[in-house]
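Participant: Pasting the sequence and the predicted model now:
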Amino acid sequence: GLMWLQHGGSLRHTSEQNGGVSRYGWLMHDGENFGVQEIRDEGLVLRTEFVKQPGGDHGGDWSWRVTAKMEGKGPAPLLSLFFYVATDGQGTLRPVLENGTRLAAVAGTAEELGDFTLTFLPPTGEGGEGPKYA
């Protein structure tokens, strides 16, 4: 899942049309292999995109991208994104750290999937520059 926090704002975990979230929903989605959604929260525009590459024993590989900007303006102000993972039923999760500080991946085992890895690429800004914090 995903939670987000703008500096000075409230921690968001859901998109509901109250308290500043003016619009949310899927812009494109085929129900199986890709989707693009947009969340507008007090001028912040969060866009999530996913694509699935079918294959393997458990449905394939997924890629997910999150971008943030201010509506009609440039990059978003100070923003924190919180990703969380859990297994349904029996399973294990363990963090994989890069340089002892950055969460690079979560490795796990689940009854339905077997062994899996969820990899987090380092964040980037527009034009490929790095973020202030990661």
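Facilitator: Perfect, I can see it now. Numbering: from 1, shown residues only.

Participant: what's across from the residue lying closest to Leu118 once chain neighbours are set aside in the sheet?
Facilitator: Excluding its sequence neighbours, the residue lying closest to Leu118 (C-beta to C-beta, 6 or more residues apart in numbering) is Val106, at 4.5 Å. Every C-beta, even on glycine, is put in place using the N, C-alpha and C of the backbone. Going by DSSP bridges, Val106 is paired in beta bridges with Pro95, Leu118.

Participant: Tell me the pLDDT of Val106.
Facilitator: Here, the pLDDT recorded for Val106 equals 94.

Participant: Excluding sequence neighbours, find me the nearest residue to the residue lying farthest from the centre of the chain.
Facilitator: The centre of the chain is farthest from one residue, Asp57, which by C-alpha atoms, centre = their mean lies 24.4 Å away. Of all residues not flanking Asp57 in the chain, Gly114 sits nearest, at 7.4 Å (C-beta to C-beta, 6+ apart).

Participant: circling back: my guess is the residue nearest to Leu118 contacts Thr117, does it?
Facilitator: Yes: the pair Val106 / Thr117 is scored as a contact, 7.3 Å apart, by C-beta atoms under 8 Å.

Participant: and for those two, which residues touch both?
Facilitator: Val96 (C-beta atoms under 8 Å, 6 or more residues apart in numbering).

Participant: Fine, thanks again, bye for now.
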